[in-house]
Every structure is written in structure tokens, then in C-alpha cells.
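Novice: Quick one: sequence plus predicted model below, questions after.
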Amino acid sequence: MATATMLEVAMSVPAAERAVTPAAAARVEARGLVVRYGARVAVDGVDLALAPGEVFALLGRNGSGKSSLARALLGIQPRDGGSVRVLGRDPARERASLMSEVGYVPEEPQAPPEMTPRALVRFCGRLRRGWDGAAVEERLRRLAVPLDRAFRRLSKGQKKQVELALALGHRPALVVLDDPTLGLDPIARRAFFGELMAELAEGGTTVLLTTHDLTAVEGIADRVGILDAGRLLVDEPLETLKGRFRRLLLPAASADVPERLRPLGRQTRPWGVEVVVSGWNEEAPPTADARAMSLEEIFTALHVDATVMAAEER
């Protein structure tokens, strides 16, 4: 039984099921985006369009290009090819005006270490239109963040909550969160995403989230992208992605799976055979026990397959 590579699995999504955002309606649009670091290509010809109010989760292993892509979309990282429009502007040329309408939480905290949250709130109020400093301070009080303690003395979770509150304080049209919960413990991660979900409940804000926290993504993302070696291999609604993956549990005597189900990988178990398929439909073998897969399981299956295929090609 032949298996599909990660790229083939991604491209096998029927066109009618793929998320397509018209350029005229997109808050973020990239076409053929390329970012290089010397000879290394970090972002390799990415096309992407995010609609108003959409939460897009960008996933990938370390070094896949997630942060480079997010930074290039904001004009922080120079691009080496392609075009980008964010809120109708080219971020490489109009970054100063653009950032007044964008909230950004970087992977590593960037606030001045000696400034207090209260001072940061007031400082940002002088830079951004529509700033609601009272609401930001109230949010931080509710989260038990000390307003008069130096930023460097806050816990990791408190630092991230400060940065999220500052990113949302001017009601931005777009929020970019670059692996915001990296290094946080489970309770701090839950608090961060809970606060984000409460903010998004009002609707209208577009969110680009890069993250390793796949469990949290399932609760907030409308659409998922998966980067591998700088290429966007998967870009589709979360529910569509989960709907086409199943883990089939089969007796060893009837382990054949139709190619139309697009089998991705198989493992022999003491009780039979386990096969992951990426084109699930009701035409599975009648003896199969078909089980839904979490986003984390799907992500792992894709990368295990890519690793196996690469080893076979060597």
C-alpha cells in the first residue's frame, strides 16, 4: 500500500473545501512571500490571506519559518521576494502608521525591564490612537498583575499578560501573537488563552497566532496553516482538517485500506493494524474502527510521515 508525503496530503484537499479569502476582503494578504537568511530560505513562496474576524493558527516545528513569516508580515523582518498587504498597506514602507492599528506580542518579551506595567500603559497611550488606558489597567488588576512592579520582576505569565493587554489596548483590527505562551506553565497558558478568548468574543478582530500549544488552538482557531521548511503545506478550516483525518483500527487479516481514503501511515499492533487516513469518508473497510483525531495527533502524523518518506528517499 503506497503512502502519501506530507505535501501530497496537503494538496489533496478538494478545492471546494479550501479556505479562500478574496484579496479585496483580506486584512492580511501575502503572495509569493520569501524570507532568506543568507543562503537559507526561511519562508519559501508563501501565499496567505486572512479575513476580518478570522483566527488563523500557524503551526510548525522549530525552524519551520513561523516567526520569520509573522515578522515579515509586519515589516519587522525584511522580505526577499513577494508582496504583502496588511490592512491595505505595505508594511515595509508604511510600518509606522500600520502599527497604530495592529497589536503584536513577540516570542520574547520586549518591554523595557525597569518600566512598571502602569508606566507602560501610560507610555503606550502617547503612541496609539484610540488607547483605553483605564481598561488596560483594569484588565491587569483583574489578572492580579502588580502595576507598580518592574517588568523584569514579573513572572513569565504576568509578562505575557502585560504584553497581551498592551497589544489589545487600542482595539486593533489585527493582532499577531508569535508563540506567546512559549515557556509558560499549563496554568499560565490557560490564563493567557482564556483572556484572549474573552477579548475575541466581541468579534471583528483578525488574529494570526503562531504556537506550539495545539490543544489551545482547537478551542479558538477558525483556520489552521502548517509550515514545513518554509512552505505552507496545509491551509484550511480547522473543522475541515479534522473531518478528513481518522485513525482506523483493523484486524490484521483485513488490513487493506482503499487508496481513495488516502492512507498516510500504518503501524502493526499486537491486536492488528493501525492506519491513519487523510481522506476519510464512509467507505472505510466494514471491519474498521474509525476514531477521530485531535489536532496534535494530526500534526504528529503528518510529520512522522514526512520523516519516514525522507529516510526512504535517502
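Specialist: Sure, I can see it.

Novice: Walking through the stretch 51-200 of the chain, point out its helices one by one.
Specialist: In the stretch 51-200 of the chain, the helices defined using DSSP state H, counting those that start in this stretch lie at 66-73, 91-98, 117-125, 133-142, 156-168, 186-200.

Novice: Can you verify my assumption that Phe192 contacts Asp179?
Specialist: No. Using Cβ atoms under 8 Å, Phe192 is not in contact with Asp179, being 11.4 Å away. For the C-beta atoms, the positions are set from N, CA and C on the backbone; glycine is no exception.

Novice: When those two are compared, which one has more neighbours?
Specialist: Phe192 (23 against 20; other Cβ atoms under 10 Å).

Novice: now Val217: how far from Gly204?
Specialist: Here Val217 is placed at a distance of 20 Å from Gly204 (Cβ to Cβ, to the nearest Å).

Novice: Equivalent analysis for Glu29, please.
Specialist: 18 Å.

Novice: Check Lys242 too.
Specialist: 25 Å.

Novice: Comparing those two, which residue is more hemmed in?
Specialist: Neighbour tally, Lys242 and Gly204, criterion other Cβ under 10 Å: the higher count belongs to Lys242, 19 against 9.

Novice: residues touching that one, list them.
Specialist: 292-295, 298 (Cβ atoms under 8 Å, 6 or more residues apart in numbering).

Novice: ok, 7 Å please
Specialist: By Cβ atoms under 7 Å, 6 or more residues apart in numbering, the contact set of Lys242 is 292-293, 295, 298.

Novice: Next step: those restricted to helices.
Specialist: Of those, the ones assigned to helices by DSSP state H are 295, 298.

Novice: Just the buried ones from the contacts of Lys242?
Specialist: 293, 295, 298 (16 or more other Cβ atoms under 10 Å).

Novice: okay, those in a markdown table with distance to Arg266 next?
Specialist: Output for these, formatted as a markdown table (distance: Cβ to Cβ, whole Å):
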| residue | distance to Arg266 |
| --- | --- |
| Met293 | 15 |
| Leu295 | 21 |
| Ile298 | 16 |
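
Novice: Return the member of those residues nearest to Leu147.
Specialist: The nearest member of the buried ones among the contacts of Lys242 to Leu147, counting by Cβ to Cβ, is Leu295 at 36.5 Å.

Novice: got the contact list for the closest one?
Specialist: Leu295 touches 214, 217-218, 242, counting by Cβ under 7 Å, 6+ apart.

Novice: Just the pLDDT for Asn281.
Specialist: Here the pLDDT value assigned to Asn281 is 82.

Novice: Can you find the helix or strand in this protein with the smallest mean pLDDT?
Specialist: Least confident helix or strand, the chain: helix 6-11 with a mean of 48, by mean pLDDT, DSSP states H and E.

Novice: Parallel or antiparallel, list what pairs with the following helix or strand past that one.
Specialist: Next along the chain after helix 6-11, taking DSSP states H and E as the criterion, comes strand 28-37. Strand 28-37 pairs in its sheet with strand 40-50 (antiparallel), strand 81-86 (antiparallel), by DSSP bridges.

Novice: can I get the ones you listed in CSV with mean neighbour count?
Specialist: Listed next are those as CSV, based on neighbours: other Cβ atoms under 10 Å:
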stretch, mean neighbour count
strand 40-50, 20
strand 81-86, 18
